[in-house]
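[1] coordinates only, sequence not included:
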């Protein structure tokens with residue numbers, strides 16, 4: 001690969017406002033948690049982990065208010081129920097989420113529709129062929145009609161074993177200035193910029 005994690009610089013996370021969530025956001029997050037809770041006993045998908053919705057909403061809002069992103073384009077890699085994607089849309093971003101599991105994709109679309117949230121929820125993979133063999137093509141493939149790094153802010157919740165690959169993929173394809181926000185469970189998040 002042409003670039004590695006050294007192409008990324010750490011960006012201090014802006015302080016969260018700590019205020020109450022807007023009513024529509026609180027209602028959306030409560031419904032998302034209920035739906036996720038109902039889904040888990042019915043269908044076990046080992047790779048599916050849900051993010052902390054209030055935390056991601058607050059972080060995205062803080063990033064937006066601080067003007068850290070170069071623009072409004074947001075893409076969630078491995079969007080699951082689309083919680084982060086919908087939070088970005090509720091903040092006025094041009095939000096897209098990519099999910100490979102058809103059942104999760106269907107649930108995300110239903111959740112977004114129930115709340116009248118307009119977000120691009122795509123069925124597919126953000127990972128190009130060759131990622132795990134470290135032989136990425138020079139140009140990012142766009143099987144979804146757009147490139148997963150053609151945005152201003154990428155969000156991912158990688159498994160520990162996948163963190164390296166998420167960073168490498170982002171570092172290889174993202175344009176300089178693009179932000180990568182990753183969630184690592186609890187309240188742990190990292191914000192980095194492609195240099």
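    On my side now, so go ahead. Being a predicted model, the structure only gives us computed values, none of them experimental.

[2] Go ahead and measure how far the longest helix seen in the chain is from the middle of the chain.
    What stands out as the longest helix in the chain, according to DSSP state H, is helix 23-42. Counting by Cα atoms, centre = their mean, to the nearest Å, helix 23-42 is centred 18 Å from the centre of its parent chain.

[3] Next SSE downstream of that helix?
    Proceeding N to C from helix 23-42, the next assigned helix or strand is helix 53-66, under DSSP states H and E.

[4] partners of whichever helix or strand comes after that next one, with directions?
    Downstream of helix 53-66, the next assigned helix or strand under DSSP H and E is strand 73-77. Using DSSP bridges, strand 73-77 pairs in its sheet with strand 94-99 (parallel), strand 153-156 (parallel).

[5] What are the contacting residues of the very next helix or strand once past strand 73-77?
    The C-terminal neighbour of strand 73-77 among helices and strands, as given by DSSP H and E, is helix 83-90. The contact list for helix 83-90 (Cβ atoms under 8 Å, 6 or more residues apart in numbering) reads 22, 24-25, 28-29, 32, 50-51, 53, 56-57, 60, 74, 76, 79, 95-97, 108, 111-112, 115, 117-121, 153, 155. No exception for glycine: its C-beta is placed from N, CA and C like everyone else's.

[6] Need the strands paired with strand 73-77 in TSV (columns: mean pLDDT, distance to residue 86 and mean neighbour count).
    Formatted as TSV, those follow (pLDDT from 0 to 100; distance: least, Cβ to Cβ, whole Å; neighbours: other Cβ atoms under 10 Å):
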stretch	mean pLDDT	distance to residue 86	mean neighbour count
strand 94-99	95	7	25
strand 153-156	97	12	25
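
[7] closest to residue 11 out of those strands?
    Ranking the strands paired with strand 73-77 by their distance to residue 11 (criterion: Cβ to Cβ) puts strand 153-156 first, at 11.0 Å.

[8] Next, the buried residues of the next helix or strand after that closest one.
    Using DSSP H and E, the helix or strand that follows strand 153-156 in sequence is helix 163-173. By 16 or more other Cβ atoms under 10 Å, the buried positions in helix 163-173 come out as 166-173.
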